[in-house]
Every structure is written in C-alpha cells, then in structure tokens.
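Enquirer: Quick one, what's the 3D model for this:
(one chain, ligands or ions: 1)
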Amino acid sequence: MTTAATALPLLGLRITAGPVELRGMTDDLLGPVADLAIKGVHDPDYMPFFVPWSTAPAEEMPKNMAQFHWGQRASFSVEKWGMDLAVFFDGQLVGSQGFSTRDFLITRVGETGSWLGREFHGRGIGTAMWKVICAFIFDHLDAKLITSSAYTDNPSSLGVSRKCGYRENGVSMRNRMGKPATLRMLILEPGDLVRYEHELIVEGLPEFRRSIGLDA
Ligand SMILES: CC(C)(COP(=O)(O)OP(=O)(O)OC[C@H]1O[C@@H](n2cnc3c(N)ncnc32)[C@H](O)[C@@H]1OP(=O)(O)O)[C@@H](O)C(=O)NCCC(=O)NCCS
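Expert: Okay, the predicted model is just below:
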C-alpha cells in the first residue's frame, strides 16, 4: 500500500539499539514532541541553539514544531537533506536527534545536533542516542566524517561529544541573542566512534538509502 513513507522514506525509518529507538517524525509525533519542548529543553536563561526555537510561547510551539518538520520534508532532496528523528528511550518519547547535510554523495559529511526534554537530561540518554545516530550514519549511510559544534559554555553537549569520540577542531564566533559567543567545532571519524553497547537494528534502510541517492 502506498503511504506517506513511500513518498518520503525518512518517515518509515526506525533505528533500534537496546532501549534507544530513533524514528521518522511522523505526524502523530508532532504534538507529543511539541508538548515535550513546552515543558522545557534547557535553563530559560541559556540558549544552546542557533535558532532560538525552544523559548517560543507555549501556544506557538505546536505550529512552529510542525512547520519545521513539514518544511524539512518539503525541501528534502538528494542535494540537501536533514533528518530530525524522534527519540524514544525505554518506549518513552524523550527528544529529537538530528543530522543534516548538503551534497552528501560527494562530501560524505554532515552535522549532528540534538535535544532532550529537560526531565531526561543527565542520565546518559544523550550519549546513547548520539552513539546510535553516528553508528547509523557511518555503517549504514557510508559517511566519512561527522561534524558537530557547541558553545563553549554548554558542558552537557561537549560532554556527549567527548564521550562519543569527537575531536576538537577549532573555534568560531557567533551572534547569540545579540552577544558574542564562542562555538567549539568538533569532528568525528569512523575509527574514533565510541560504540554503543547494543547492536543497531534498522527498518526502512533500502528505501531511505535510495531516497538520498545511494544505490541509484
Ligand atoms: C546536550 C544533551 C542532548 C545531552 O544529553 P544528556 O543526556 O543530558 O547528556 P549525558 O547524560 O549523556 O551526559 C554526557 C556527559 O556530559 C557531561 N555533562 C552533562 N551535563 C553536564 C553539566 N551540567 N556540567 C558538566 N558536565 C556535564 C558529563 O560529563 C556526562 O558524562 P558522564 O555521564 O560521564 O558524567 C542535553 O543535555 C540537552 O538536550 N541539552 C539542551 C539542548 C542542547 O544543548 N543541545 C545541543 C545543542 S549543540
């Protein structure tokens, strides 16, 4: 039967590793993920993201969240694509794990980013989901390098990167809410990935690989 995942295989992607499950952000998840963000993603006085989406008023969050994901679907192409997967831990929705890239067929490089509902911070879930996405990108999508970045005053994000095996790769400056902020650049090569203790099981892989131009 033809479904939304036929049109966009990202929606049918499901990566499981022990208690971690990463799933295409289907429409039924957009409300629950907005509810999670409304409850808080970080300290209200601190902004870890380049786009300050997480501090939008509660009444605007469902529309903002849905439009972001619908926009990502609408603009998905071989040349430029992003996946912001829903993250479940022990069956509970806890946040989102992202990867975005341009010209992946040529560069084999892309950037990771993620967030968890505040109540789920500091339990090792961020490290676990990041190890899972990196193993997926290297082992199943044939990437050669993964980049990331975090403000130098974001210890949890830098802690996750360090625990996954990313190396520091210089700094950059950003305008963060009108003030200068130092960004630490990070890179991860396949041989440096600290692997998660559980094997990955992937559903929807052949379709997803074809949708990003692999196996054409
Ligand atoms: C970044 C984020 C995904 C990390 O997930 P997490 O589950 O909280 O992180 P973990 O529990 O796996 O912690 C990883 C390491 O970070 C370090 N760490 C975590 N919180 C820390 C803190 N407040 N201060 C110092 N170090 C910290 C620890 O070294 C920890 O390693 P340990 O388990 O050996 O102690 C999560 O905190 C989050 O969603 N933050 C808000 C959004 C954000 O910053 N996203 C990233 C944007 S670049």
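Enquirer: Helices of this structure, start to end?
Expert: Assigned by DSSP state H, the chain shows helices spanning 4-7, 27-38, 61-74, 104-107, 125-141, 155-164, 205-211.
Enquirer: Could you count how many residues lie near Glu197?
Expert: Using other Cβ atoms under 10 Å, the number of residues around Glu197 comes to 8. (Glycine included, C-beta is placed from N, CA and C.)
Enquirer: Give me the nearest residue to it, chain neighbours excluded.
Expert: Leaving aside its chain neighbours, Glu197 sits nearest to Gly18 (6.9 Å; criterion: Cβ to Cβ, 6 or more residues apart in numbering).
Enquirer: Alpha carbons of stretch 135-142, as CSV, please.
Expert: What follows is stretch 135-142, C-alpha atoms only, in CSV (Å, rounded to 0.1, in the frame of the first residue of the first chain):
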residue,chain,number,x,y,z
ALA,A,135,26.9,4.4,14.0
PHE,A,136,23.9,4.5,11.7
ILE,A,137,25.5,7.3,9.6
PHE,A,138,28.9,5.6,9.3
ASP,A,139,27.8,2.0,9.0
HIS,A,140,24.5,2.3,7.0
LEU,A,141,24.9,5.6,5.1
ASP,A,142,28.7,5.3,4.3
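Enquirer: List of residues touching it?
Expert: 15, 17, 22, 99, 104, 108, 110, 112, 143, 146, 190, 193, 195-196, 200, 202, 205, 209, 212, 214 (Cβ atoms under 8 Å, 6 or more residues apart in numbering).
Enquirer: How about the residues of this structure by the ligand?
Expert: Contact residues (Cβ under 6 Å from any ligand atom) of the chain with the ligand: 41-42, 48, 113-116, 121-127, 150, 154-157, 159-160, 163.
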